[in-house]
Each structure stands twice: as C-alpha cells, then as structure tokens.
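> Prediction below, plus the sequence it came from.
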Amino acid sequence: MKHFRAAPKHLMTALAMGATLVTLPALAQEKVLNLYSARHYQTDEVMYDTFTKTTGIKINRVDADDAGIVARLKAEGAASPADVILLVDAARMASADAQGLFRPIKSPLLDKAIPANLRATATPDGVAWTGFSTRARVIVFDPLRVKAADVATYEQLADPKLKGMVCTRSGSHPYNLSLFATVVERLGDEKGEAWLKGLVANMARAPKGGDTDQIKAVASGECAVALTNTYYAARLLKSSKSEDKAIMEKVRVVFPNQGTSGTHVNIAGAAIAKHAKHPENAVQFMEFLASPFAQDYFANGNNEFPAAVGVKVDNPALKAMGGENFKTENIPLGAVAKNLTKVQQMLDRVGYK
Ligand code: FE
C-alpha cells in the first residue's frame with residue numbers, strides 16, 4: 001500500500017496556480033482507490049491490505065485530521081483525486097455534505113448491512129454518508145460526590161442539584177453538537193434550549209480541553225460530572241500507565257437514558273467524494289468495510305462498536321464499563337444535519353462557549 005502522509009506540496013502549488021490536475025496515480029478504470037482518512041490506527045493497515053489482496057484494488061491513502069481533509073477537498077475542487085473520505089462524527093459528516101463534498105452512495109448491500117439510523121437521511125439518489133463504527137457519549141462521575149441515580153440521564157445534567165459540578169469540552173465541538181442536536185430533536189426546541197441553559201448554569205468551569213481532559217478533571221476533583229465518548233475511557237482503562245489506571249479507579253461511567261430514550265451513539269463513517277474518479281471501487285471498498293472481518297478491525301482500532309447489523313466485538317474495556325449491552329438512542333443521525341445550525345444558535349443564546 002502506498003501511503004502519503006504529507007500533502008504533496010507541488011500538487012497544492014499547481015492547484016493554486018490554476019493548473020489542471022492530471023498527476024495523481026489514479027486514472028479512470030484503474031484498480032486504484034484514493035482514500036482520504038481522518039483515522040489512523042495500526043489495525044487499519046491489516047484491513048486495507050486485505051482489501052487489496054482480495055480485490056486487486058490498490059489503496060493510496062492521505063492522512064489528515066477531519067478539518068484538514070475538508071479543507072483539502074475544498075482546495076482541490078473538481079480536480080480532487082479523492083474517492084472515499086473517512087471522517088469522525090455525524091456533525092462533521094453533515095457539515096461536509098452541506099458544503100457539497102459528497103456524492104450519494106447507492107448500495108443495496110450497505111442498505112442492508114448498516115442500520116438506517118447510522119446513515120444520512122436517504123434520498124431517491126442514495127445516502128450522503130454512512131457509519132462504520134459507533135461510539136457512545138456517556139457520563140463520567142465522581143462516586144464520592146454524586147450518586148449514580150442523579151446522573152442517570154442527559155436531562156439531569158441540567159438539574160440544579162448538580163450546580164458547580166459539570167465539566168464539558170466546547171459546546172461547538174462536533175461530539176457535543178451531535179448530542180445536543182438529538183436532545184433538541186427529542187425534547188423540542190423550547191425544552192432543548194432550556195436544557196442547554198441549565199447545563200451552562202451547572203458548569204464547574206468554562207468549557208475547555210478534549211474528552212480525556214474531562215475524565216481527568218473528574219478524577220482530580222475539579223468537577224464531579226462530565227461527558228466523554230466511550231473510546232477515551234476505554235483507552236485509559238487499557239493503558240499500561242499507572243496514572244491512567246488511577247484515573248479510571250476514581251470515576252464511574254454511566255450509559256445515560258437507559259430507562260428512557262437510550263444513550264446517544266455517534267459514528268465514524270465514510271462518504272464518496274463528489275468528484276471521485278473511481279466511484280465503483282469506492283462502493284466496493286465501503287461494502288468491504290461493512291463485512292464482519294473489516295468491522296472487527298474498524299471498531300477495535302479505536303475501541304469502538306461495530307456498526308453493521310449482527311456484528312459484535314469482544315473488547316474487555318468496553319465490557320468493563322457496561323458497553324456490552326446497552327440501549328441506544330434510536331433517533332436517526334440524519335437529525336443531526338437538520339438541527340446543527342439551530343443548536344449552534346441556541347449555544348450562542350445561552351452563552352455556551
Ligand atoms: Fe475523538
């Protein structure tokens with residue numbers, strides 16, 4: 001497998017000069033797939049190599065973070081060699097789609113393999129993106145300061161009982177935007193905004209840091225309650241560092257809303273690039289990603305859950321925190337796209353940084 005880590009400078013310069021792009025190793029009909037990926041886990045390599053061995057389709061990969069990939073696709077425009085794009089979180093998928101970067105995926109196999117709530121809203125042309133692994137957005141709390149019963153739901157995060165105790169990362173981060181978008185979908189605009197306002201009123205400090213920082217802040221006593229994606233907690237649980245283990249010994253994980261609407265799950269997913277030069281290879285690759293073999297690697301690479309129907313993953317860290325069997329929210333992630341702008345406006349009104 002060929003692997004381009006850095007963006008080829010000459011390519012970007014040529015584009016800036018208005019040159020027509022014909023330089024990439026991918027010509028139409030070739031057995032090639034150009035993959036722009038925001039995922040880089042070692043186990044993914046085995047998965048990609050297996051795809052190449054099985055299909056004869058060579059993968060050229062560009063690694064960047066989500067924002068870098070979107071910026072690159074926009075800069076490259078119609079000349080972009082990208083076929084498949086791997087991004088993380090429905091909010092990012094929805095935003096890239098809104099910017100016209102995807103073309104619809106049509107695959108009866110994927111329609112069957114991946115549950116409809118883990119994909120973009122279907123149109124007669126297909127779906128704009130589809131999930132390939134899932135992660136849950138869970139509550140982490142300090143059992144010495146808070147009872148599990150007081151943090152059993154997302155709604156309770158806004159209860160005045162938790163005043164001065166809640167830590168979150170930025171409200172505008174995709175992980176929070178997606179969660180808030182489904183809360184608003186569930187509760188309606190008025191109650192949804194009131195909930196966000198209550199959440200802000202309960203904060204121990206202004207939003208900052210990433211999900212791991214929130215877990216650490218609970219362990220250190222800076223706050224008593226926080227939100228995180230499951231794989232960050234699993235990573236600390238699996239860590240060989242004693243300080244990471246100590247953090248997880250001090251906190252508890254709750255899968256929220258088990259008695260009601262279920263826990264919010266989000267996706268790492270894929271889309272076909274608007275200007276894909278190998279769209280058939282792209283569909284073939286995505287169908288491969290939905291296979292039990294690839295699902296296992298895809299999910300395990302980042303301590304996530306498989307997205308495909310009937311595929312289970314055996315991950316002791318996820319099991320230990322209650323991730324083996326839990327009720328998931330059944331609001332389609334397509335609702336995230338619909339509510340994204342509205343939620344951002346709500347955040348501005350309630351002063352959620
Ligand atoms: Fe993450």
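Structure received.
> gap between the closest residue in space to Ala194 that isn't next to it in sequence and Glu193?
Leaving aside its sequence neighbours, Ala194 sits nearest to Ala158 (C-beta to C-beta, 6 or more residues apart in numbering; 7.6 Å). The way it works is simple: take the backbone N, C-alpha and C, and place the C-beta from them, glycine included. Distance, Ala158 to Glu193, using C-beta to C-beta, to the nearest Å: 11 Å.
> Number of residues surrounding the closest residue to Arg145 other than its chain neighbours?
Leaving aside its sequence neighbours, Arg145 sits nearest to Ala224 (C-beta to C-beta, 6+ apart; 4.1 Å). When neighbours are defined as other C-beta atoms under 10 Å, Ala224 has 23 of them.
> ok, now which ones touch Ala224?
By C-beta atoms under 8 Å, 6 or more residues apart in numbering, the contact list for Ala224 reads Phe141, Asp142, Arg145, Val146, Leu162, Met165, Val166, Ala204, Val218.
> from these, which is closest to Phe326?
When the contacts of Ala224 are compared for distance to Phe326 (C-beta to C-beta), Phe141 comes out closest, at 16.6 Å.
> Can you report how many residues lie near the closest one?
The number of residues packed around Phe141, counting by other C-beta under 10 Å, is 23.
> does it have beta-bridge partners, and which?
With DSSP bridges as the criterion, Phe141 is bridged to Val225, Arg252.
> That one contacts Val151, correct?
Yes. In terms of C-beta atoms under 8 Å, Phe141 counts as a neighbour of Val151; the distance is 5.0 Å.
> Give me the common contacts of these two.
Common neighbours of Phe141 and Val151 (C-beta under 8 Å, 6+ apart) are Val225, Val254.
> from what I can see Thr168 touches Leu179, true?
No. With contacts counted by C-beta under 8 Å, Thr168 stays clear of Leu179, the gap being 9.8 Å.
> Now do the shared contacts for these two.
Residues touching both Thr168 and Leu179 (C-beta under 8 Å, 6+ apart): Leu227.
> Show me which of these two is the more surrounded one.
Thr168 (30 against 26).
> Contact partners for that one?
Going by C-beta under 8 Å, 6+ apart, Thr168 touches Asn176, Leu199, Met203, Pro207, Gln214, Ala226, Leu227.
> Switch those over to JSON lines; also include neighbour count, pLDDT and secondary structure.
Formatted as JSON lines, these follow (neighbours: other C-beta atoms under 10 Å; pLDDT from 0 to 100; DSSP: H, G, I helix; E, B strand; the rest coil):
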{"residue": "Asn176", "neighbour count": "24", "pLDDT": "98", "secondary structure": "helix"}
{"residue": "Leu199", "neighbour count": "24", "pLDDT": "98", "secondary structure": "helix"}
{"residue": "Met203", "neighbour count": "19", "pLDDT": "98", "secondary structure": "strand"}
{"residue": "Pro207", "neighbour count": "18", "pLDDT": "98", "secondary structure": "coil"}
{"residue": "Gln214", "neighbour count": "25", "pLDDT": "98", "secondary structure": "helix"}
{"residue": "Ala226", "neighbour count": "29", "pLDDT": "98", "secondary structure": "strand"}
{"residue": "Leu227", "neighbour count": "23", "pLDDT": "98", "secondary structure": "strand"}
